[in-house]
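**Student:** Have a look; sequence and predicted model below, questions after that.
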2 protein chains.
Amino acid sequence: MGAEGHADGTVGKALDVLDMVARHGRPVRFSDLLAQSDYPKATLYRLLQTLTHQGMLMLDPDQGTYALGVRLVRLAHAAWAQSSLAPIARPYLDELAAKTGETIHLAQMDLGQVLYVDKRNAARPVEMFAQAGKVGPAYCTGVGKAMLAWATPEALEQALARQSFHRHTDHTLDTPEKLLAELQAIRVRGHAFDREEHERGIICCAVPILTRSGRVLGALSVTSTTARTTLAALEDWAGLTKDIAARIAAEAESWRFPEQN
Amino acid sequence: MGAEGHADGTVGKALDVLDMVARHGRPVRFSDLLAQSDYPKATLYRLLQTLTHQGMLMLDPDQGTYALGVRLVRLAHAAWAQSSLAPIARPYLDELAAKTGETIHLAQMDLGQVLYVDKRNAARPVEMFAQAGKVGPAYCTGVGKAMLAWATPEALEQALARQSFHRHTDHTLDTPEKLLAELQAIRVRGHAFDREEHERGIICCAVPILTRSGRVLGALSVTSTTARTTLAALEDWAGLTKDIAARIAAEAESWRFPEQN
DNA sequence: CCGTTTGGTTCCATTATTTGAAACTTAGTC
DNA sequence: GACTAAGTTTCAAATAATGGAACCAAACGG
């Protein structure tokens, strides 16, 4: 349900179609797409054709189904390496994981949603793409709230408009008002908690990753379960986590600079 | 240098710009992009604006640089999971890696280039995105030749047109004629070798992954070094590799089917 | 300090592309 | 062999992209 925002121009529509295919999670037939888009047949057809021709989609000629194309994987490789904090943060995440022994999440904001870009699992070794690349709600996760708390007014407003405020657990902050109050508390405190707001039994302590100019780059969290530890215990890691966040931010900023010439 | 093919329509241009940003590997300023594209200022500007607005690019307001956006990472997650053979092939790669004890590559064809979508390293555990997503030449790698050997005439022709035939080593097949002869030999033999054609000391034995209808889905290779083993020894794995390739193909085909209703 | 260059953004009449209803072509049913 | 569903193509009208040029701002130089 719920169409995309007013897609600007042709490329907006094309990308919209891409998303539509992505959402399905498996190869889709033309008619399936036609059913849920409100683009007219011919328009959708040409859009798909263009995307296919461009390698963003792949048409399985046997089955007549469309799937996301490999060009996307290649682009993503670059996106991962360059846009996200992941490559910079990697060694720091390792350090934080080693010192805390807990699960670590690195997230960035994507259109009002939390996008996990890297993760260290206490138990298992890294399971990169299986885990990274996932999205989650912003209003009820530690990393989400940490980022919202330091977002610019405009960004916050946009993000708020996109929240669905579904009540996942008894603790979920399910109205904008409750959330705004919480964000205020987070700013004062300097870090955000997730008090089983998204999943029962899952708690975390998260800090934002901020540039010197105060812009939000992402967020970092130490996550655990109520079975294993308490919020108070997690809060003990807040100092270290903030420190690590600062170092990531510093490196991210210096990395963006050096384009000699 | 070498412009993209005739980009069809606006989305083609937009994607072209995306690629341009990706190629840089680090955030780029407007003027850098302007310098190497032959789009007029205003056009490029609007293209960048649209892409940014769509979340495909990210504008760093401090520095005024563009980087690939997080939306791309999210899309890639889906692409990885759905379009590529990687998720299906994963357990099979594990099996092949365990049995051979060598490095395993899973690749697909992307516009005449080889795109590595997964890898098992003899030594280290998987390092997903860091390795996967890389591209390489088709004419001088085992997986590339395996895919070309079973490509349709049209696909082969297109791919050939995009090869640069740079002489990487003494063994590199550096003309279309040599390559075509080799492809013929590969078809007869049933598998492709890389005889140090790309990197000195690196050899491999690769097989195509084919649907029942004979369409190329990708290729699978067992790679090693001349220091460790010989081509003849690698060829001993050809049977097993072919078997695994067949199983991957079978699962890929049945996976694409089940859209009930 | 003020003239100049460099880098980025906006205007707007022209042009080219996209649009989508409808017609058409397969391929599959009954 | 008529009927239906799914995909593809057409074409005039509508719309969106184009790009030369003007504009703005900040950094530079004398």
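**Tutor:** Sure thing, it's come through.

**Student:** residue ranges for the strands of chain A, please.
**Tutor:** Assigned by DSSP state E, the strands in chain A fall at A:28-29, A:57-60, A:65-68, A:103-110, A:113-120, A:135-137, A:192-195, A:202-210, A:216-225.

**Student:** In stretch A:151-164, which residues are buried?
**Tutor:** For stretch A:151-164, burial by neighbour count (16 or more other C-beta atoms under 10 Å in any protein chain shown) applies to A:A151, A:A155, A:L156, A:A159, A:L160, A:Q163. All C-beta spots, glycine's among them, are computed from the backbone N, C-alpha and C.

**Student:** For A:C204, list each beta-bridge partner.
**Tutor:** A:D194, A:T223 (DSSP bridges).

**Student:** Does it touch A:S221 like I think?
**Tutor:** Yes. Taking contacts as C-beta atoms under 8 Å, A:C204 lies within contact range of A:S221: 4.6 Å.

**Student:** For those two, list the residues in contact with both.
**Tutor:** Taking C-beta atoms under 8 Å, 6 or more residues apart in numbering or on different chains as the criterion, A:C204 and A:S221 both touch A:H105, A:G142, A:V143, A:D194.

**Student:** Kindly present the strands of chain A as JSON lines, with separate columns for mean pLDDT and distance to B:H77.
**Tutor:** As requested, the strands of chain A are arranged in JSON lines below (pLDDT from 0 to 100; distance: least, C-beta to C-beta, whole Å):
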{"stretch": "strand A:28-29", "mean pLDDT": "88", "distance to B:H77": "17"}
{"stretch": "strand A:57-60", "mean pLDDT": "86", "distance to B:H77": "16"}
{"stretch": "strand A:65-68", "mean pLDDT": "88", "distance to B:H77": "10"}
{"stretch": "strand A:103-110", "mean pLDDT": "88", "distance to B:H77": "11"}
{"stretch": "strand A:113-120", "mean pLDDT": "82", "distance to B:H77": "9"}
{"stretch": "strand A:135-137", "mean pLDDT": "83", "distance to B:H77": "8"}
{"stretch": "strand A:192-195", "mean pLDDT": "96", "distance to B:H77": "22"}
{"stretch": "strand A:202-210", "mean pLDDT": "95", "distance to B:H77": "21"}
{"stretch": "strand A:216-225", "mean pLDDT": "92", "distance to B:H77": "17"}
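
**Student:** Which one of the ones you listed lies nearest to B:L180?
**Tutor:** Closest to B:L180 of the strands of chain A, according to C-beta to C-beta: strand A:57-60, at 26.0 Å.

**Student:** hmm, back to that, right, and the strands of chain A - which one's nearest B:H168?
**Tutor:** Nearest of the strands of chain A (C-beta to C-beta): strand A:57-60, 28.9 Å.

**Student:** That closest one pairs with which strands, and in what direction?
**Tutor:** Sheet pairing for strand A:57-60, using DSSP bridges, gives strand A:65-68 (antiparallel).

**Student:** and the residue sitting nearest the centre point of chain A, what are its bridge partners?
**Tutor:** Geometric centre of chain A, nearest residue: A:L115, 0.8 Å, by C-alpha atoms, centre = their mean. Counting by DSSP bridges, A:L115 is bridged to A:Q108, A:V135.

**Student:** rewinding a little: same drill for A:C204 and A:S221, tell me which one is more crowded.
**Tutor:** Relative neighbour count places A:S221 above the other of A:C204 and A:S221, with 30 against 26, counting by other C-beta atoms under 10 Å in any protein chain shown.

**Student:** For that one, which non-adjacent residue is closest in space?
**Tutor:** A:A206 (3.7 Å; C-beta to C-beta, 6 or more residues apart in numbering or on different chains).

**Student:** residues in contact with the one you found?
**Tutor:** With contact set as C-beta under 8 Å, 6+ apart, A:A206 has these partners: A:105, A:141-143, A:145-146, A:191-194, A:219-222, A:241.

**Student:** top of these by neighbour count?
**Tutor:** Going by other C-beta under 10 Å, A:A146 tops the contacts of A:A206 with 34 neighbours.

**Student:** gap between that one and B:Q82?
**Tutor:** 31 Å (C-beta to C-beta, to the nearest Å).

**Student:** neighbours around A:G25, how many?
**Tutor:** 12.

**Student:** and if you look at A:L68?
**Tutor:** 28.

**Student:** does it really touch A:M56, like I thought?
**Tutor:** Yes. Between A:L68 and A:M56 there is a contact at 7.3 Å, judged by C-beta under 8 Å.

**Student:** shared neighbours of these two, which are they?
**Tutor:** A:L18.

**Student:** Give the bridge partners for the residue lying closest to A:N121 once chain neighbours are set aside, please.
**Tutor:** Distances taken as C-beta to C-beta, 6+ apart put A:T103 closest to A:N121, at 5.5 Å, once the chain neighbours are dropped. Judged by DSSP bridges, the bridge partners of A:T103 are A:T223.

**Student:** Of the contacts of A:A206, just say which sits nearest to B:P137.
**Tutor:** Once C-beta to C-beta is applied, the member of these that ends up nearest B:P137 is A:H105, at 37.5 Å.

**Student:** pLDDT below threshold where in chain A?
**Tutor:** Within chain A, the set of residues satisfying pLDDT under 70 comprises A:1-7, A:83-84, A:122-133, A:255-261.

**Student:** Go through the lengthiest helix in it and flag the buried ones.
**Tutor:** Using DSSP state H to define each element, chain A has its longest helix at helix A:238-256. Under the neighbour-count criterion of 16+ other C-beta under 10 Å, helix A:238-256 has A:A238, A:T241, A:K242, A:I244, A:A245, A:R247, A:I248, A:A249, A:A252, A:E253, A:R256 buried.

**Student:** so does that helix get close to DNA strand C?
**Tutor:** No. Using C-beta under 7 Å from any atom of the strand, helix A:238-256 stays clear of DNA strand C, with a minimum separation of 13.1 Å.

**Student:** List of residues touching that helix?
**Tutor:** A:85, A:88-89, A:92, A:95-96, A:99-100, A:190-191, A:205-212, A:217, A:219-222, B:26-27, B:60, B:63, B:65.

**Student:** And stretch A:175-187, by the same measure?
**Tutor:** A:Y139, A:K145, A:A146, A:L148, A:A149, A:W150, A:L156, A:L160, A:Q163, A:F165, A:L173, A:A192.

**Student:** Same question for stretch A:13-20.
**Tutor:** A:4, A:7, A:28, A:33, A:36-37, A:39, A:43-44, A:47-48, A:50-51, A:56-57, A:68, B:11, B:14, B:54, B:56, B:75.

**Student:** swap in stretch A:44-62?
**Tutor:** Identification of contacts with stretch A:44-62 by C-beta under 8 Å, 6+ apart yields A:13-14, A:17-18, A:21, A:27, A:30, A:33-34, A:37, A:39, A:65-72, B:8-9, B:11-12, B:15, B:83, B:110-111, B:211, B:213, B:215, B:256.

**Student:** quick one, helices of the stretch 51-200 of chain A?
**Tutor:** When assigned using DSSP state H, counting those that start in this stretch, the helices of the stretch 51-200 of chain A occupy the ranges A:70-82, A:86-100, A:128-131, A:142-149, A:153-162, A:176-189.

**Student:** Of those, give the one that comes closest to B:R120.
**Tutor:** So among these, helix A:128-131 is nearest, using C-beta to C-beta, at 13.8 Å.

**Student:** Residues of chain A that sit close to DNA strand C?
**Tutor:** Near DNA strand C, when you scan chain A using C-beta under 7 Å from any atom of the strand, you find A:T10, A:K13, A:Y39, A:P40, A:K41, A:A42, A:T43, A:R46, A:L47.

**Student:** rerun that using 6 Å as the cut-off
**Tutor:** Contact residues (C-beta under 6 Å from any atom of the strand) of chain A with DNA strand C: A:T10, A:K13, A:Y39, A:P40, A:K41, A:A42, A:T43, A:R46.

**Student:** Just those: which are in helices?
**Tutor:** A:T10, A:K13, A:K41, A:A42, A:T43, A:R46.
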